[in-house]
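> My questions are about this predicted structure, shown below with the sequence.
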Amino acid sequence: MKSPITSDDSFTRSAGRQLARYAFIAVAVLVALMYSLNFVAGLTSTGAGGAAGAVDVENNEISIYLREEPPQMNSMLATDAVSGMVLGHVMEGLLRYDENDQIVPGMAERWEINGTRATFHIRENARWSNGDPLTAHDFEFAWKTALDPATGSQYAFIFYPILNAEAANTGQMPLDSVGVRALDDHTLEVDLAQPIAYFDKLVAFVTFQPVQEAFFNATNGRYGADADEMLYNGPFMMTSWVHGASLRMVKNPYYWDAERIRLDGINAAYITSDSNTLLNLYKDERIAVVDLTAEMLEGAMQQKWQLDRFMDGSVFFVDFNHREGRVTGNLNLRKAMFLAQDGNELVDRVIKLPGYLPAKSLFPVWLQGVEKTFREEYPAPESPYNVALAREHLERAKQELGLSEIPPLVMLADTSPVATISSQYYQEVFKRNLGLDIIIDAQTFQQRLAKMDSGDFDIVLSGWGPDYNDPLTFADLYASWNLNNRGRYNNPVLDSHVRVAQTSTDTKTRMDAFGEIQRILHEDVAYIGNYERGRVYATHPQVKGVIRRVFGAEYDYTGAYIETAD
Amino acid sequence: MTNPVVNQELLTAEDFAPLAHRPDIHGISRPSRSYWQDAWIRLKKNRRAMVSLWLIVGLLAFALIGPLLWQVDPARQDIDQISQAPGADRSATIVPPYEFWGGQALSGFEGGSGLRLGAAANSQAVRLIWDAVPGAGGYRLYRNIFPIDDEMAFGLPIAEFPNAAAGFYEDRLDLRPDTYFYSLVTLDADGRLTDDYQVLEVPVNRVITLDEVRERNLAPEAPELAVGDEVFLALHPLGTDYLGRDMLARLMSGARVSLFIGIVAPFLYVLLGVAYGATAGFLGGKVDQVMMRFADFVVALPFLLFMILFQVVFGIGPGESGILPMLVALVVLAWPATARLVRGQILQIRQEAYVSASRLLGARSGYLVWRHMIPNTMGVILVTLTFAVPSAIFTEAFLSFIGMGVAPPTASWGSMSNEGLARMLTHPHELIFPSLFISITVLAFNLLGDGLRDALDARMRSFE
């Protein structure tokens, strides 16, 4: 009886040995396969990708990331921040912002603005990246093309201060009637519809960048679709653009102020907006700069990273749908919701990122007033948190609307982490304090904009980033004619103040108008302010001179350099 | 071995006489057991399966009875205890309500120099004041949770001050009961950081106002509370999530969603699959061919796409629960596997002698199916069912994870895992608990299914 068992036992043991051998071979093959595949992938990967580190001292290059793939790089059509950031490096307008956000000469070496006539003198050494001289005609062409109704530029309205621009854009007048003329190769003359105070700040905007007509026509409508379908006049030029993967810029030898630029190349090696991926890339020294979320701060402190903060200038708010037939058109309901939330709590306890400020006004704290900042001169109205009063307003709202219960409100929000957490926070706050049911409609950013355009919401978590350094960029947001007024708020008194701010050149008059707009929006509860957005970011210790700006490129590497030990 | 030699000469005629009838000869020495009793006994011997069974009973109790015992609203946000780990200190001191602070040192904090406190520091606010530093162009204030060492990593940049004068700052950003290190770094005239800095160590206590205590009903048995008394914040046995919501309550309500989908969906589609497969297998021939090709067609349909289509068809707007379309999509698309299995079994059983015998004796089709076929396929069906449950739970978790399942504020284990993922490194409990529940549930159902397969397999009977 004993022997068969032992033989069975030894059989099991030998089978076990065999199995272990197989397992070992399998693991070894797998490891070898992974290494070889990795090697092959390294050989075949195109363009900038992967291998380069955050800082390449030898080639004087740095690697960065882009949040999204730019839709295209045509300055006349660009609307998004990523395109704006790349264009801010590869293109330059007549004027630009310096490191202190002041207007300085760009392609124009000097300029005069007298009343309704602005004259820009293009510098003699202005060149395109193919060596062609850059002329005033290139600006005239770009501006008129952007205004052409056939182009369909969403930012065409930014030209409207120019004489006849609005009429030309709506097709009522020919493009030739627009008040932009190249007198000769180096002089650009602009006639304005009326004197405006901020035209110099306006021309630093992306849509005002030049385009060479001959090259544009040669691309057959593919201008800006690829790295070689574009001509550059900025500090850098794009040499490769692997769509969806990477983008590479090198120093432009024809740039007029090339001495200012200290980097030889910028490698946008990754296109992703996933904050955890980016954090890992930064940890692995693959990218030089990374934005941090609230969850990462503790780790960053532990790792002893040098952190910086930056306010990107944008204001976020809960916007109401004021269209006919929406309950949110009722003032008392809006007041109730306004009083039932505490903006400080959202910023300090829920978002908890340094740099964020509660948005007490549509006008952010950094805007310049007459002498001091706008908000110092025209303080934001108090916004008390008062649940008892909020409930009174809610009762009144129900009576006025003839409803026993307010139907569930659809809250449109996008899918970013901060929007997700804010929407869930508000959902509970309005439920707890007012008994309102909120249905969260989480959409991608583009889809959110589309739904806002079609009015498919009751309330929406929205935001606005400034286009130029003047309070008007916020003030006209609720003007009845502004297409970005997606809740279709309509108030003739507010409109008249916006008109005053647009047409007056007297700073005091304009600031008074902005003060009035701030007051009206508050009294009418046109929106509920959430926060002024901030960013906390870590920069590679060797990389210096990176600027984050409110206008133009969000990250500006034109002044960046690599600090070496010697 | 050889057969014993039969010695014929030993046999007599008596040996061939019939035995007398003994009543005890047909007696069954052991009690008769049905197939199910037998299976149950074998299942009971399988310790893994039994543990799993009890786990499942426990989970059901957790989902159904739990919310009755732990009556906390899973959507309620406790803003004072955001991302709190289990077992964290909950004590808070009562202080007067927050008042605006204009930068003057309050009584008890006068005097001193450099960076110092202007008032008692607590989780309501940390109020700092400082004197002007000669030659400064401005200041930047940092906050750290670690002491500042030679590397001069000051931590979070809290605020920046462009003027060189003495200043003050009130920090209210996410203050937790902890020790903070505030550093005031001097900026030069161009706004660049210099090496000149001062550090202040600030221990912060958690505080709460009397109004908040009353509003949240934190001390119902002690109505006579005054400033300075200590109260305990709401208890969260498993901690809270990123919005201060109670994890235990969310896990319970999440369990309802997950187990509902996990049990109802497989039950329905296995039922559908059994009916379909039994019909196809029993009828056979052309009908069988057509029916099974249709099943093949259904297998080829992509689940996720149909899930989205059903959401559209059902008019499930964004922000509404996607549980019903998920259920429908699962039932509509997942039945063919069961149908194939049952059909195969039925085809086999149809050929068995006892079926033919039954038919010869005049049994009708209904009787055949009901009496012979279904009971004989029951083992297969039950095993499919127990294996279908974990896969349905996984499907729900996955769909909620990618945001196609429940709508906020409803919780499900999948969506909780998704939310916890972002905070995995700093607050691991937000990910660990829901994923642990998913793992345990799936494992329990799998092990039970395994045990059931062994127990219900008729061929295993001989090993008893």
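Everything's here; your move. Residues are numbered from 1 along each chain as shown, chains lettered A, B, ... in the order given.
> Please parse the chain into its domains.
Here I'm looking at chain A. Under the assignment automatic domain parsing, the domains of chain A span A:14-87+A:238-311+A:536-562, A:90-218, A:313-533.
> Sorry, I should have been clearer: chain B.
Split by automatic domain parsing, chain B gives B:51-71+B:243-460, B:94-209.
> Within range of chain B, give me the residues from the stretch 251-400 of chain A.
A:275-276, A:293-299, A:301-302, A:304-309, A:344-345, A:347-350, A:352, A:354-355 (C-beta under 8 Å from any C-beta of the partner chain). For glycine as for every other residue, the C-beta is placed from the backbone atoms N, C-alpha and C.
> hang on, A:Thr564 packs against A:Lys544?
No. In this structure A:Thr564 lies outside contact range of A:Lys544 using C-beta atoms under 8 Å: 10.7 Å.
> Same drill for these two, tell me which one is more crowded.
Neighbour comparison, A:Thr564 and A:Lys544: the larger count goes to A:Lys544, with 13 against 9 (by other C-beta atoms under 10 Å in any protein chain shown).
> show me the contacts for that one.
A:Ala560, A:Tyr561, A:Ile562, A:Glu563 (C-beta atoms under 8 Å, 6 or more residues apart in numbering or on different chains).
> from these, which is closest to chain B?
Chain B lies nearest to A:Glu563 out of those, by C-beta to the nearest C-beta, at 13.6 Å.
> Which residues lie in contact with that closest one in this structure?
With C-beta under 8 Å, 6+ apart, A:Glu563 has these contacts: A:Gln542, A:Val543, A:Lys544.
> quick one: it and B:Gly191, what's the gap?
Distance of A:Glu563 to B:Gly191, given as C-beta to C-beta, to the nearest Å: 18 Å.
> Show the contacting residues for A:Glu377.
A:Glu377 neighbours (C-beta under 8 Å, 6+ apart): A:Gly369, A:Val370, A:Glu371, A:Met511, A:Gly515.
> Quick check: B:Asp190 touching B:Gly137?
Yes. Assessed by C-beta under 8 Å, B:Asp190 is found in contact with B:Gly137 at 6.9 Å.
> which of those two has more neighbours?
More neighbours surround B:Gly137 than the other of B:Asp190 and B:Gly137, with 17 against 9 (other C-beta under 10 Å).
> re the thing from before, check the domains of chain B for me and report the most buried one.
Counting by mean count of other C-beta atoms under 10 Å in any protein chain shown, domain B:51-71+B:243-460 has the highest mean neighbour count of these, with a mean of 19.
> average pLDDT for that domain?
The average of the pLDDT scores along domain B:51-71+B:243-460 is 86.
> Secondary structure and pLDDT for the contacts of A:Lys544 - can I get that in TSV?
Shown next, in TSV, are these (DSSP: H, G, I helix; E, B strand; the rest coil; pLDDT from 0 to 100):
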residue	secondary structure	pLDDT
A:Ala560	coil	89
A:Tyr561	strand	90
A:Ile562	strand	90
A:Glu563	coil	86
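> Now which of those would you call buried?
Neighbour-count burial (16 or more other C-beta atoms under 10 Å in any protein chain shown) applied to the contacts of A:Lys544 gives A:Ala560, A:Tyr561, A:Ile562.
> and B:Pro96, backbone torsions?
B:Pro96 adopts backbone torsions of phi -60, psi 160, taken as degrees, to the nearest 10.
> Contact partners for it?
Contacts of B:Pro96 (C-beta under 8 Å, 6+ apart): B:Thr209, B:Leu210, B:Val227.
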